[in-house]
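> kindly return the folded structure for what I paste below:
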Amino acid sequence: MCVHLVHPHSQKTTTTPSLALRCFLVLGMTLLQLSAQTNAPGKFRVWHNSEGMKIEARFLKMEGKTVVLSAKGRQYRYPINSLSVDDQIYLNELLAKMVEDAKKNVSPERIAARDSANLETIYEAMKLQDLELSKEVVTAGEKVELDYAFVNTSGQDLVVPLNSNYSRPYHLIGTGQAWIERMGSSDHIPAFSRNIARQGRRYAAGGAIIQAPESIAPGGKVARKKTVDTTGYPAGTYTIYIEYKKLRTDWILETKSAAFRVE
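Okay, here's the model as predicted:
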């Protein structure tokens, strides 16, 4: 969602400079995903760049970080951040209106197909990284924390679909599942009851949906933390596994692990 400020001269609202370009990109990507008519010409108006030059033209379409204007049968391309503040306000409002109009004309089936395609892009781009243990050696009864993150490794902004299959709508990028394994000849961990799910030598240690912002910039991270209470853990070496899985399936996209020792 774009953050708005009051424009000092016109009392209109505009986005903060640091978020303005991302707002345009997210709106433009949303239009494409909704299969909106992004090349429907807008009204003629006078556009200004940041240096005061002007052109009478109408909005034609977006091409990534570039706005395409049409005048007298010709097309003119300008980087978004080269436009005046007033023109950026106008463009932001125009794109937002186009998104809302497009949403009204999209069938539930097309929305589902779009969201599915978006998720496949997200699954491809988001990778498990930055695993870091708070401690590698602990005394039984101490807590071990594992910090990790899902990182957008693609070169593009990702728009995260709104998922309504849970108690309330969330922007989700998948699910995470943690497992604990006692290494060595014995795999028994007395701290876990017999009712806990197991996968071979591993004990299920918690799973959850992975919530994310509605858009993730290139290099953006969704940080997570797993806490393990080692009360009832015999002395020895243990491995924590983190699985990244597709939503509502057992399809494992990636698994990473970290080891610690209880003394």
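
> which residues touch residue 127?
Counting by C-beta atoms under 8 Å, 6 or more residues apart in numbering, residue 127 touches 150-151, 153, 254. C-beta coordinates here come from the backbone N, C-alpha and C atoms, glycine included.

> among the residues you listed, which one lies nearest to residue 186?
For residue 186, the nearest member of the contacts of residue 127 is residue 254. The distance, counting by C-beta to C-beta, is 28.7 Å.

> looking at this, that closest one is in a strand?
Yes - using DSSP: H, G, I helix; E, B strand; the rest coil, the assignment for residue 254 is a strand.

> from residue 124, how far out is it?
11 Å (C-beta to C-beta, to the nearest Å).

> got it, and residue 182?
As for residue 182, its distance to residue 124 is 34 Å (criterion: C-beta to C-beta).

> likewise for residue 71?
According to C-beta to C-beta, residue 71 stands 40 Å off from residue 124.

> where does the stretch 1-150 of the chain have low pLDDT?
1-42, 102-114 (pLDDT under 70).

> show me where it has strands.
Assigned by DSSP state E, counting those that start in this stretch, the stretch 1-150 of the chain shows strands spanning 4-6, 13-15, 45-48, 54-63, 66-71, 74-79, 126-133, 137-138, 143-152.

> my guess is residue 152 meets residue 216, correct?
Yes - counting by C-beta atoms under 8 Å, residue 152 does reach residue 216; the two are 4.7 Å apart.

> okay, and the common contacts of those two?
Any residue near both residue 152 and residue 216 by C-beta under 8 Å, 6+ apart counts here, and that gives 126, 158.

> which neighbours in the sheet does the longest strand seen in the chain have, and how are they oriented?
As assigned by DSSP state E, the longest strand anywhere in the chain is strand 170-182. Strand 170-182 sits in its sheet next to strand 162-163 (antiparallel), strand 202-211 (antiparallel), strand 236-245 (antiparallel), going by DSSP bridges.

> that one: how far from the chain's middle?
The gap between where strand 170-182 is centred and where its chain is centred comes out at 16 Å by C-alpha atoms, centre = their mean, to the nearest Å.

> and the gap between the residue nearest to residue 44 when sequence neighbours are not counted and residue 52?
In this structure, residue 44 finds its nearest non-sequential neighbour in residue 58, 4.8 Å apart by C-beta to C-beta, 6 or more residues apart in numbering. Noted for residue 58: a distance of 20 Å to residue 52, by C-beta to C-beta.

> compare these two and say which one has the larger neighbour count.
Between residue 58 and residue 52, counted using other C-beta atoms under 10 Å, the more crowded position is residue 58 (13 against 7).

> ok, that one to residue 69 distance?
On the measure of C-beta to C-beta, residue 58 and residue 69 end up 7 Å apart.

> OK, contacts around the nearest residue to residue 245 once chain neighbours are set aside?
Distances taken as C-beta to C-beta, 6+ apart put residue 175 closest to residue 245, at 4.8 Å, once the chain neighbours are dropped. Listed by C-beta under 8 Å, 6+ apart, the contact set of residue 175 reads 207-210, 244-247.

> what is the neighbour count of the residue lying closest to residue 115 once chain neighbours are set aside?
Distances taken as C-beta to C-beta, 6+ apart put residue 161 closest to residue 115, at 3.8 Å, once the chain neighbours are dropped. A count of nearby residues for residue 161, using other C-beta under 10 Å, gives 22.
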